[in-house]
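> got a predicted structure plus its sequence, pasted below:
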Amino acid sequence: MNWETVIGLEVHVQLATKTKIFSAASTAFGAEPNTQACEIDLAMPGTLPVVNKQAIDYAVMFGLAIDAEIGKTSVFERKNYFYPDLPKGYQTTQLEKPIVGAGVVDIVLDSGETKSIRIHHAHLEEDAGKSLHEGDFRSGVSGIDLNRAGTPLVEIVSEPDMSNAEEAVAFAKKLHSIVTSLGICDGEMSQGSMRFDVNISVRPQGETQLGTRTETKNLNSFKFMEDAIHLEVERQIDLLEEGGKIIQETRLYNGETRVARSMRSKEEANDYRYFPCPDLLPVVISDAQVEQLRTKLPELPDARQQRFIDQYDLSEYDADILSTQASMANYFEQTATQSKNAKLSANWVSGELIARLNAENLNIDQSPVSAEQLANLIVRIADNSISSKMAKQVFEGIWNGEGDADQIIEARGLKQVSDSGALESMVDEVLASNQAMVDDYINTDADKRKKKLGGFMGQIMKASKGQANPQQVSQILAKKLAELV
Amino acid sequence: MSIEKQTIENLATLARLAVDDERVDEISQRLGSVLELVDQLQAADTSGLSGLDHPLNETQRLREDEVNKPNMREEFQAIAPDTENNLYLVPKVID
Amino acid sequence: MHNLTITELIDGLKNRVFSSTEITQHFLARIKNLDSEFNSLITLTENQALEAAKTADQQLAAGNAPELCGVPIVHKDIFCTEGVRTSCGSKMLDNFVPPYDATVVANFRNSGAVMLGKTNMDEFAMGSSNETSFYGPVKNPWSTDSVPGGSSGGSAAAIAARLAPGATATDTGGSIRQPAALCGITGLKPTYGRVSRWGMIAFASSLDQGGPMARTAEDCALLLNCMASYDDKDSTCIDRSVPNYSAHLGDSLKGLRIGIPKEYFSEGLNSGTEQAVRESLAEYEKLGAELVEISLPNTGLSVPAYYVIAPAEASANLSRFDGVRYGHRCDDPKDLEDLYRRTRAEGFGDEVQRRILIGTYCLSAGYYDAYYAKAQQVRQLIRQDFVQAFEKVDLIMGPTCPSPAFKFGAKGNDPVAMYLEDIYTISTNLAGLPGMSLPCGMVDNKPVGLQIIGNYFEEARMLNAAHQFQQVTDWHQLAPAGIES
């Protein structure tokens, strides 16, 4: 039987605010346990929440970016359940009146085809703390760190519009691109800044009813998400083909072991008893506030890609690579502006730089080569001071912290020789000391002589230690040989 | 009116309260009489009325995004029942 | 000295008739001698009180004394006090010493008031008789076999027994007014949002409101001047300037329109209580007021609506008491569930557990619309009743409670009978209106309370009406037998 997969995503995006959504405690990542959990985050008796304006603004900006309706009156509700990392015994979230209504995100598939993924809504809520199952404490217990408790999240809920892992990953990457371009999330997946819950079901091709779905929770990398989807789709199809039944359940995927399992503890029928939080009032956003945020909206990835094509004459492919991430786009634009050479900048950023970053698992903000340094290198390539081959060496030098392009060119003596007098005598010398090659050249049929030029070039470049300007050498060589024939 | 034992047990589970068997009857009876009282609500004609979640028609105030909470871990954990190495401890959490 | 009002104490302090240390010592001595009989205090803060009195005396001597400088008061043990155990009348918080002050406590501290101790109360403010306190019941100074009312029974009894001239209290369904009535003192529940709830341990967040208790309306005005403030830590606190509540006490009542709701004089009202209230209303006519019969047709629905909304909110508010971060924790939990269930079953008393279960029921799947949503609609009806009434009248008056103080255990087995004790007070909480109770007569040697309900933020008008009544009557000056000396 042919099976069809239906996928919907719930994406948790940590907002890049300085403070928690309901308290003025810091959200900085990596602090000592429980040093950033104030009395509100700890749910001490008598403490009360007050809403962070920045979190509201960021959520609205996201809504505007996906062309969604903004909830002019949104309401925080309490979702009741007990868990040690949830100090109040309820999560403050939104249900009936979320801050962002229905919207659309377009994704581009490998085939080049564009697909629209509908967003059901996006709402604001607070993150929970962390339960540590092992660490510097006695065995048989879990340790609770509440630093993360109360960090603002936007939860983006898609419609089940994706039909395979590729689409789901493309959608997830697009959301990553949007929220980082907006500057509302740092996009640090490894720190949990974006986490994905994937709802998956399968059904026979042509069937219109949805199958029973499972939810694989808390995936924090695109790769894990892709693997987890493949694994779960396979599991469901195998099970159904064996005549089994899918149970609606929450599953956990371990990216290290590449194994998924059912989360039994979440299986008991939960009744979250949502009701409007009486400690908070309806959040009302005026049209004027929405318009003000709209004018402040930074450029979004789709618009930026088009601009790169128009302004820098880039291919769609290069423009896509360079525009998806805001920080990458900024890096490219800075390089292009400073080097006044968009084409070479695009080649270098999308080629050498990205390859090198990927190899060392760094992101663009961590690049040892600054945009300014790369621009200087590109200037030297463009003005023929160095050859492209030399340029790679210089790039390595900059990467390793040896200094700027000019310093490295100078120190390593890599400067290309473009002085025609010097080049002519170099050519003369090589011709004089390789009489046999010259004779061979002369004796070769005129139409086959071109093939012999490479040997001379190699000798000359070797003699110049690679510093001779190849274009000039080849012109001089052609002239000299013509004189000899 | 009394409430079924199973219902009481479900509620106790949701509310994380241990309810001894000998207390179930009494709780069932008392909850039942309270529910009889609140069932009077059903007679009210509230068609077309919105609920009043808050007594005053106010809207949420927003706070500027500025850190102003110092680290008070020591004070907070001084009153905690069980901590070790700055973490609150609970019996092992099983996902 | 203990028969002096706060107003008189302030005069005496300013004119050096006595020092704060002297009166503080006097009240501390009374508490130590007499409170074993009434059990009105949970915690006595003798050393802190003497320290504060010393500071107050220095300020008084230096001539820079704030408003309530040197005046001894007691706080209901629901208000968090930095460094002083705050139990909320519960075993759950028997060991809880908050590292922060409630805003109300801070306001009094800044105003120079001297805290003598923390008063007894129904556990988590859930009760109308003070019988649910973990620390044992408070006894009514007028008749020690009778209840003082609740939940602020400790504050009311302490004032009636002249153990303190003023106190803080809270009112969710009548918890200031009913004990004030039963103990023969004056107490005021302000408009919802007038007094900050920060640091006031929540019972039902949309109903809870702190307010003052004293022997006279004039003293309540002084206390409210200090207690009411705008607080940006409480989202539901209203940003509105605080008037001087003492400024209009002397205004004439000529032409004041007083609404008498016929539903407040129906079946269930003790005849002696009714007579005392009617005689007081006649007194108001003599003062120039006009009595207008009005109807609040949905009064009967207020108790059912309240017993959905308050337990629903409480069920979530009390989830934070889980034995993890503070408060009671059961011994040797065998797993996480056991930790939660035993901690909460041991830490909470029967009535609290009952209300948590009721609230859980009303919010649970399938019942939400019939109970919670319906109750919020009924709440709207109740508010509309008042809005319409206040188009015709300036104040509303009637009995505070159906009968004088009942005997211990009289309503112990029937929660509903106990709940009906609040039939006249609950609707103002649902609507968020201010209400107060002042002594207006005696039945069987027990005090009767007259309730005054005002329009939103009309506390000054209520205090004016109460003060004028207290100028021509002396019910507020009566003291329980054995207390005068």
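That came through fine.

> CA only for contacts and neighbour counts going forward, please
Noted.

> where does the chain dip in pLDDT?
In the absence of a named chain, chain A is used. A:264-269 (pLDDT under 70).

> nope, chain B
B:1, B:95.

> residue C:142 contacts residue C:445, doesn't it?
Yes: in this structure, residue C:142 is within contact of residue C:445 by CA atoms under 8 Å, at 7.4 Å.

> who has more neighbours, those two?
Taking other CA atoms under 10 Å in any protein chain shown, residue C:142 and residue C:445 do not tie; residue C:142 has more neighbours (24 against 12).

> any idea how far the more buried one lies from residue C:121?
18 Å (CA to CA, to the nearest Å).

> just residue A:200 next, same as before
Residue A:200 is 53 Å from residue C:121, by CA to CA.

> could I get the CA-only coordinates of the longest helix along chain A as PDB?
As assigned by DSSP state H, the longest helix anywhere in chain A is helix A:222-241. The C-alpha coordinates for helix A:222-241 follow below in PDB (Å, rounded to 0.1, in the frame of the first residue of the first chain):
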ATOM      1  CA  PHE A 222      17.100  20.300  12.200                       C
ATOM      2  CA  LYS A 223      19.000  17.000  11.800                       C
ATOM      3  CA  PHE A 224      17.300  15.400  14.800                       C
ATOM      4  CA  MET A 225      14.000  16.500  13.500                       C
ATOM      5  CA  GLU A 226      14.600  15.000  10.100                       C
ATOM      6  CA  ASP A 227      15.800  11.700  11.700                       C
ATOM      7  CA  ALA A 228      13.000  11.600  14.100                       C
ATOM      8  CA  ILE A 229      10.400  12.100  11.400                       C
ATOM      9  CA  HIS A 230      11.900   9.400   9.200                       C
ATOM     10  CA  LEU A 231      12.000   7.000  12.200                       C
ATOM     11  CA  GLU A 232       8.400   7.700  13.300                       C
ATOM     12  CA  VAL A 233       6.900   7.500   9.800                       C
ATOM     13  CA  GLU A 234       8.600   4.200   9.300                       C
ATOM     14  CA  ARG A 235       7.400   3.000  12.700                       C
ATOM     15  CA  GLN A 236       3.800   4.000  12.000                       C
ATOM     16  CA  ILE A 237       3.800   2.400   8.500                       C
ATOM     17  CA  ASP A 238       5.400  -0.800   9.800                       C
ATOM     18  CA  LEU A 239       2.900  -1.000  12.600                       C
ATOM     19  CA  LEU A 240      -0.100  -0.400  10.400                       C
ATOM     20  CA  GLU A 241       1.100  -2.800   7.800                       C
END
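
> who's in contact with it?
The contact list for helix A:222-241 (CA atoms under 8 Å, 6 or more residues apart in numbering or on different chains) reads A:3, A:5, A:164-166, A:168-169, A:172-173, A:196, A:198, A:200-202, A:216, A:219, A:245-246, A:253, A:255, A:258, A:260.

> just say helix, strand or coil for residue A:252.
On the three-state scheme (DSSP: H, G, I helix; E, B strand; the rest coil), residue A:252 is labelled strand.

> what's around it, how many residues?
19.

> I'd assumed residue A:260 was in contact with it.
Yes: assessed by CA under 8 Å, residue A:252 is found in contact with residue A:260 at 5.4 Å.

> ok, back up a step: restricted to buried residues, select the contacts of helix A:222-241 in ChimeraX.
Buried residues among those (16 or more other CA atoms under 10 Å in any protein chain shown), as a ChimeraX selection:
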select /A:5,164,165,166,168,169,172,173,196,198,200,201,202,216,219,246,253,255,260
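
> nearest spatial neighbour of residue C:269, skipping sequence neighbours?
residue C:402 (4.6 Å; CA to CA, 6 or more residues apart in numbering or on different chains).

> what distance do you get for the closest residue in space to residue A:339 that isn't next to it in sequence to chain C?
Leaving aside its sequence neighbours, residue A:339 sits nearest to residue A:375 (CA to CA, 6+ apart; 4.6 Å). Distance of residue A:375 to chain C, computed by CA to the nearest CA, to the nearest Å: 50 Å.

> surely residue A:375 and residue A:335 touch.
Yes: if you go by CA under 8 Å, residue A:375 and residue A:335 touch, sitting 4.8 Å apart.

> mutual contacts of the two, please.
residue A:345.

> looking at the contacts of helix A:222-241, which are in helices?
Counting by DSSP H, the contacts of helix A:222-241 contribute A:165, A:166, A:168, A:169, A:172, A:173 to helices.

> ok, the closest residue to the first one other than its chain neighbours to chain B distance?
Take residue A:165 and drop its neighbours on the chain: the residue closest to it by CA to CA, 6+ apart is residue A:226, 5.4 Å away. Computed as CA to the nearest CA, the residue A:226 to chain B distance reads 23 Å.

> count of neighbours near residue A:226?
Neighbours of residue A:226 (other CA under 10 Å): 17.

> try residue C:251
Counted with other CA under 10 Å, the neighbours of residue C:251 add up to 12.

> packing partners of the helix or strand containing residue C:35?
For residue C:35, the host element (DSSP states H and E) is helix C:20-38. Secondary-structure packing of helix C:20-38 (3 or more CA pairs under 8 Å, 6 or more residues apart in numbering or on different chains; DSSP states H and E): helix C:46-62, strand C:72-76, strand C:114-119.

> tilt between the helix or strand just after the last one and strand C:114-119?
To tie it back to what came earlier, the one meant is strand C:114-119. Once strand C:114-119 ends, the next helix or strand along the chain (criterion: DSSP H and E) is helix C:153-160. Put simply, helix C:153-160 runs at 130 degrees to strand C:114-119, going by axes from the mean of the first three to the mean of the last three CA atoms, to 10 degrees.

> buried residues, helix C:153-160. List them.
So helix C:153-160, judged by 16+ other CA under 10 Å, has buried residues C:153, C:154, C:155, C:156, C:157, C:158, C:159, C:160.

> repeat for stretch A:253-267
A:253, A:255, A:260, A:262, A:263.

> gap between the closest residue to the first one other than its chain neighbours and residue A:109?
What it means is residue A:253. Distances taken as CA to CA, 6+ apart place residue A:260 nearest to residue A:253, at 4.1 Å, with adjacent residues excluded. From residue A:260 across to residue A:109, the span is 27 Å (CA to CA).

> do residue A:45 as well
Applying CA to CA to residue A:45 and residue A:109 gives a distance of 52 Å.

> sweet, I'm off.
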